[in-house]
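In: Following is a predicted model, sequence given first.
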Amino acid sequence: MGTQPGRAAPTTQNGRVRDAVTAARRVVVKIGSSSLTTATGGLADERVDALVDTLGRLATEGREVVLVSSGAIAAGLAPLGLTRRPRDLATQQAAASVGQGLLIGRYAAAFARHGLTVGQVLLTVDDVTRRAHYRNAYRTLRKLLDLHAVPIVNENDTVATEEIRFGDNDRLAALVAALVHADLLVLLSDVDALWTGDPARPHSTRITEVRDEKDLAGITIGGAGRSGVGTGGMVTKVEAARIATGFGIPVVLTGADLAAPALAGEPVGTLFHPQRQRPAARLFWLAHATSPRGRLHLDPGAVAAVVGRRKSLLPAGITAVDGAFTAGDPVDLVDAGGAPVARGLVNYDAVELPGLLGRSTSELAAALGPAYEREVVHRDDLVLL
Ligand SMILES: Nc1ncnc2c1ncn2[C@@H]1O[C@H](COP(=O)(O)OP(=O)(O)O)[C@@H](O)[C@H]1O
Ligand SMILES: N[C@@H](CCC(=O)OP(=O)(O)O)C(=O)O
């Protein structure tokens, strides 16, 4: 290991953001599988209890707490006689189905010791990305908080398919934080902070604060750790931090055993500063939360118009279409090399587009009617990637 765990002295700016951490009224806390399980993969009761003691205190102080907890698959392994995390989706789903009940039962018992009731909230990608669905998810979470219950969120693993799955819970936690307008997101893992490289390597050092993207330059952000039950590793945690800070929410990334000092605003872990320049929430959501349902291939002129001049995308600049989307779905706009340059909400169904490609809007309007004068993606519904 590189630098031994220690508490860095807060800088003034760090101190100010830490004050926001202490003052946070609504907090989303995410804990990973690796922090909840024993070496053999079962649920580690004492770890669940330790986390719940910290969160229970917070909730009884009057703060609103939403817990995003992984661990369903890990908890389901032993009861099904499995010795390690399965690779195939069907067995992962079976394990999650068995484990989720055990996990929630364990949390319900632990929170009950603090006089608190829990509510299970299982979400899919669609539930947090599609407007109609996320309003629904928001209402449920809001009502649980109003009723002083602790929502415990996980991905709905049993119905999520490979294509539309988060897999890790880091980004889900960031989107839940945005959804409930949290004041703080705390990501708890089996590592005490973000390090400059694999923490097991001798020259890696701990990063105490990330003020903006520049502080991430030169860092080796690696995959899941050696516990064998986590997924995503630091890659998805840093992505989650980008999403949340982009929504103006500070993020603390630290070890599960440091949850109490982190929530008390002590300088533990890595503090990601909220970004002052908030993008329009809807477009930010589009860039980070939606999974594209298809791809529109642009010719170089269309790339220059959309990216360089911030114009709407017209049928004339599209050379090919992939995917089975319907009007209103998010799609990626890709250049001639296939690299995504923008994401937007498309105004046509996939089946309609091939007949329109390469034709000018006036020609289309004359041939097919005024409805075909509309842009394929309006510039207000476009975000550059
Ligand atoms: N730059 C880095 N800093 C810290 N940890 C890293 C880094 N790169 C890779 N990791 C690994 O990421 C692991 C945490 O991710 P993961 O196993 O998915 O945990 P969780 O179950 O908490 O989501 C750590 O145990 C660590 O080995
Ligand atoms: N929804 C899954 C989460 C998968 C997972 O391992 O996530 P994480 O530990 O956050 O990287 C579960 O409950 O097992």
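Out: Nice, thanks for sending it over. Ligands and ions are numbered 1, 2, ... in the order given.
In: Please tell me I have it right and Arg84 contacts Ala78.
Out: No - with contact defined as C-beta atoms under 8 Å, Arg84 does not reach Ala78; the gap is 10.8 Å. C-betas here are computed from N, CA, C, even on glycine.
In: list residues touching both of those two?
Out: Residues touching both Arg84 and Ala78 by C-beta atoms under 8 Å, 6 or more residues apart in numbering: Gly41.
In: in the stretch 251-385 of the chain, what residue is nearest ligand 2?
Out: Going by C-beta to the nearest ligand atom, ligand 2 is nearest to Ala256 of the stretch 251-385 of the chain, at 11.0 Å.
In: Next up, the contacts around the residue nearest to that residue when sequence neighbours are not counted.
Out: Spatially, and ignoring its direct neighbours in sequence, Ala256 is nearest to Ser35 (3.7 Å; C-beta to C-beta, 6 or more residues apart in numbering). Neighbour list for Ser35: Arg47, Leu51, Leu188, Ser189, Asp190, Gly255, Ala256 [criterion: C-beta under 8 Å, 6+ apart].
In: now Ala149
Out: Ala149 sits in contact with Leu116, Thr117, Val118, Gly119, where contact means C-beta under 8 Å, 6+ apart.
In: The last one belongs to a strand?
Out: Yes - the assignment for Gly119 by DSSP: H, G, I helix; E, B strand; the rest coil puts it in a strand.
In: mind checking how far it is from Tyr107?
Out: 10 Å (C-beta to C-beta, to the nearest Å).
In: do the same with the third one
Out: Distance, Val118 to Tyr107, by C-beta to C-beta: 5 Å.
In: which neighbours do those two share?
Out: Contacts common to Val118 and Tyr107, judged by C-beta under 8 Å, 6+ apart, are Ile152.
In: Who has more neighbours out of those two?
Out: A side-by-side neighbour count of Val118 and Tyr107, using other C-beta atoms under 10 Å, places Tyr107 first with 23 against 20.
In: what comes into contact with the helix or strand harbouring that one?
Out: Assigned by DSSP states H and E, Tyr107 belongs to helix 89-112. Here helix 89-112 makes contact (C-beta under 8 Å, 6+ apart) with 36, 43, 45, 48-49, 52, 55-56, 67, 69, 71-77, 79-80, 82, 85-86, 117-118, 120, 122, 150, 152, 154, 157-158, 161-162.
In: Among those, which are located in strands?
Out: Within the contacts of helix 89-112, residues falling in strands by DSSP state E are Leu67, Ser69, Val118, Gln120, Leu122, Val150, Ile152, Asn154.
In: So the last one is in contact with Val68, correct?
Out: Yes - the pair Asn154 and Val68 passes the contact test of C-beta under 8 Å, sitting 7.1 Å apart.
In: how many neighbours does Ala324 have?
Out: Neighbour tally, Ala324, other C-beta under 10 Å: 10.
In: swap that for Glu213, please
Out: 9.
In: Now do it against ligand 2, distance only.
Out: Glu213 sits 23 Å away from ligand 2, going by C-beta to the nearest ligand atom, to the nearest Å.
In: got a list of what that residue touches?
Out: Taking C-beta under 8 Å, 6+ apart as the test, Glu213 contacts no residue whatsoever.
In: May I have the one helix or strand Val186 maps to as PDB, with CA atoms only?
Out: Assignment of secondary structure by DSSP H and E places Val186 within strand 184-189. Only the C-alpha atoms of strand 184-189 are listed here, as PDB (Å, rounded to 0.1, in the frame of the first residue of the first chain):
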ATOM      1  CA  LEU A 184     -25.100  15.200  -0.400                       C
ATOM      2  CA  LEU A 185     -24.200  11.800  -1.900                       C
ATOM      3  CA  VAL A 186     -21.900   9.500   0.100                       C
ATOM      4  CA  LEU A 187     -20.400   6.500  -1.700                       C
ATOM      5  CA  LEU A 188     -19.200   3.900   0.700                       C
ATOM      6  CA  SER A 189     -16.900   1.100  -0.500                       C
END
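In: quick one: is it near ligand 1?
Out: Yes - against ligand 1, strand 184-189 shows contacts by C-beta under 6 Å from any ligand atom at Ser189.
In: Strand partners (parallel or antiparallel) of the next helix or strand after that strand?
Out: Remark: after strand 184-189, the chain's next helix or strand is strand 194-195, criterion DSSP H and E. As defined by DSSP bridges, the strand partners of strand 194-195 come to strand 206-207 (antiparallel).
In: immediately after the lowest-mean-pLDDT helix or strand in the chain, which helix or strand?
Out: The weakest-scoring helix or strand in the chain, judged by mean pLDDT, DSSP states H and E, is helix 281-289 (a mean of 71). Later in the chain than helix 281-289, the nearest helix or strand by DSSP H and E is strand 294-298.
In: How many residues are close by the nearest residue to Asn156 once chain neighbours are set aside?
Out: Among residues not flanking Asn156 along the chain, Leu122 sits closest, at 3.8 Å (C-beta to C-beta, 6+ apart). Other residues within reach of Leu122, judged by other C-beta under 10 Å, total 18.
In: gap between Leu122 and Asn347?
Out: Distance from Leu122 to Asn347, counting by C-beta to C-beta: 32 Å.
In: And Ala39, by the same measure?
Out: 53 Å.
In: One more: Arg135?
Out: Relative to Asn347, and taking C-beta to C-beta, Arg135 is found at 22 Å.
In: So for the two, which residue has more residues nearby?
Out: A count of neighbours by other C-beta under 10 Å puts Asn347 above the other of Arg135 and Asn347, at 18 against 10.
In: Would you mind confirming that the more buried one makes contact with Ala327?
Out: Yes - counting by C-beta under 8 Å, Ala327 is a contact partner of Asn347 at 5.6 Å.
In: returning to what we had before: contact partners for the residue of the stretch 251-385 of the chain closest to ligand 2?
Out: Neighbouring residues of Ala256 by C-beta under 8 Å, 6+ apart: Ile31, Gly32, Ser35, Leu36, Arg47, Ala50, Leu51, Leu188, Ser189, Asp190.
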